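**Student:** Structure, please.
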Amino acid sequence: MIDKNTKKRYNERSDRMSFKIEINPELKMKSDIMFKAFYGRKENEEFLQDFLEAVLEEKIKIKKVMHDVRLEQLAKEQKFGILDLGVELEDGEFINVEIQIKNYKNIEKRTTFYACKKLIEQLGPGEDYRQLKPTIIIAILDYSFIKLPEYITETVRVVKEHREYEINNDVKYYYIELEKFRNQNPDMTKRINQWSAFLDMERGDLLEMACKENDKVKRAVENYEVLTGDEEVKRLAEIRLMSKLEERSALDCAREEGIEEGKRKGREEGKREGIKEVAKALKERKEPIEKIAEITGLSKEEIEKI
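**Tutor:** Numbering: from 1, shown residues only. This next block holds a predicted model:
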C-alpha cells in the first residue's frame, strides 16, 4: 500500500518532470538489482504482465516468475549488467526476459543459447517433439544493436524467397533498444512506449506522459519510488556499485601494468637490436667472430646469422 507522503512526493516530482534518479545508478529501473527486486515482488506482477502483453501484442496469463540468482549473489557477481528473468505462462510457453546494459558483443549468441536451452529442457528422452511449447526471448538493451531505425525488432524464421511466409516459429526474439527509444519522439499513447519509458527512466517528459496515459505505469512508478527507499535494496545496490568500481580499478591497474611491461620489453628489444647492429658492423670489418662475441655478448650462431 502506497502511503500519502509517497504519493505526495510522486506528484511533486511529476510536476517537475524529475523522474531521473540522481543517486546510485544501481537504483535505476534498468539496473539488474532494481529490475529483479521490483519484478520479484508479487504485487508488481501485474506490471510485468502488462509490459509483456505490450511487447507480444496479445493477452497472456502468467503462471510463475523465476529468477536465475538471488539478489545477494547478483550484487557481488562480476557479470555486470546482465539479468535473466524467466516467465512461465499458463499455456506452457516460456518467456526469457534479459536486460543487458553494456554491449558485450554477444547478445545474438546469448539469446540463441537461452532459447535452445529452454527448448531442450522441455522434453525427456523419447518424448515427442510435437509437445514442444514456444519459447520467447525478450532482450532489453541499453545500446543500439540492429541497424534499423525502429527500437523494437521482432525476429522469426521465414522463407528467404518469400519473407511473408513464416515457418516453425517455436522461438521468437524481441530486441528492445532503449538508446534508440530515448533519442526518438515516440507516440506515448502506445503501451509499449509507455513501459519503455518506465524501464529507461532517462527522459522525464516521456515518463510523465506514460503515467498520464497508463494508470498501471503510474502505479508502477509509485511502487518503484517506495522500493528505492528500501534499506535492503539500497544496501545491495551499494555492494553492486562498489563491486563495479573495484573491477574497474583492477582493470585500470592491469592496463597500466601491461603498458609498462610493453615499454620495458620494447626497451630490451631495442637494446638487443642495437647490439646486433654493432655485431653487423664488426662483421663487415672482418673482425673475428670470437672477438665480436666477446664484445657484444652474442653467441657464435647468432653472429653467423647476421
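
**Student:** And this protein, what are its domain boundaries?
**Tutor:** According to automatic domain parsing, the chain comprises the domains 4-229, 264-305.

**Student:** gap between the last one and the chain center?
**Tutor:** Here domain 264-305 is found 54 Å from its chain centre; the criterion is Cα atoms, centre = their mean, to the nearest Å.

**Student:** Quick check: phi and psi at the spatially closest residue to residue 186 that is not a sequence neighbour.
**Tutor:** Spatial nearest neighbour of residue 186, excluding adjacent residues (Cβ to Cβ, 6 or more residues apart in numbering): residue 193 at 4.2 Å. C-beta here means a position set from N, CA and C on the backbone, and glycine is covered the same way. Here is the backbone geometry of residue 193 (degrees, to the nearest 10): phi -70, psi -30.

**Student:** Around residue 193, how many other residues sit close by?
**Tutor:** 22 (other Cβ atoms under 10 Å).

**Student:** ok, now which ones touch it?
**Tutor:** Neighbouring residues of residue 193 by Cβ atoms under 8 Å, 6 or more residues apart in numbering: 181, 186-187, 206, 210.

**Student:** ok, which stretches of the stretch 151-300 of the chain are helices?
**Tutor:** Counting by DSSP state H, counting those that start in this stretch, the stretch 151-300 of the chain has helices at residues 178-182, 191-200, 204-213, 215-228, 231-284, 289-296, 300-305.

**Student:** Out of those, flag the one nearest residue 138.
**Tutor:** Closest approach to residue 138 among those (Cβ to Cβ): helix 191-200, 11.1 Å.

**Student:** export that closest one as CSV, just CAs?
**Tutor:** Presented in CSV, the C-alpha positions along helix 191-200 are these (Å, rounded to 0.1, in the frame of the first residue of the first chain):
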residue,chain,number,x,y,z
ARG,A,191,1.5,0.9,-24.3
ILE,A,192,4.9,-0.5,-25.3
ASN,A,193,6.3,3.0,-25.4
GLN,A,194,4.9,3.8,-22.0
TRP,A,195,6.7,0.8,-20.5
SER,A,196,9.9,1.5,-22.3
ALA,A,197,9.8,5.0,-20.7
PHE,A,198,9.4,3.3,-17.4
LEU,A,199,12.3,0.9,-17.9
ASP,A,200,14.6,3.6,-19.4
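
**Student:** List the buried residues in that helix.
**Tutor:** By 16 or more other Cβ atoms under 10 Å, the buried positions in helix 191-200 come out as 191-200.

**Student:** Return the member of the residues you listed nearest to residue 132.
**Tutor:** Distances from residue 132 to the buried residues of helix 191-200, taken as Cβ to Cβ, are shortest for residue 192 (27.4 Å).

**Student:** wait, that closest one sits on residue 56?
**Tutor:** No - if you go by Cβ atoms under 8 Å, residue 192 and residue 56 don't touch, sitting 9.7 Å apart.

**Student:** hang on, the earlier thing: if you rank the contacts of residue 193 by neighbours, which is first?
**Tutor:** Busiest of the contacts of residue 193 [other Cβ under 10 Å] is residue 210, holding 27 neighbours.

**Student:** Next, the contact list for that residue, please.
**Tutor:** 188, 193-195, 197-198, 217.

**Student:** Wasn't residue 137 part of a helix?
**Tutor:** No - counting by DSSP: H, G, I helix; E, B strand; the rest coil, residue 137 is not part of a helix but strand.
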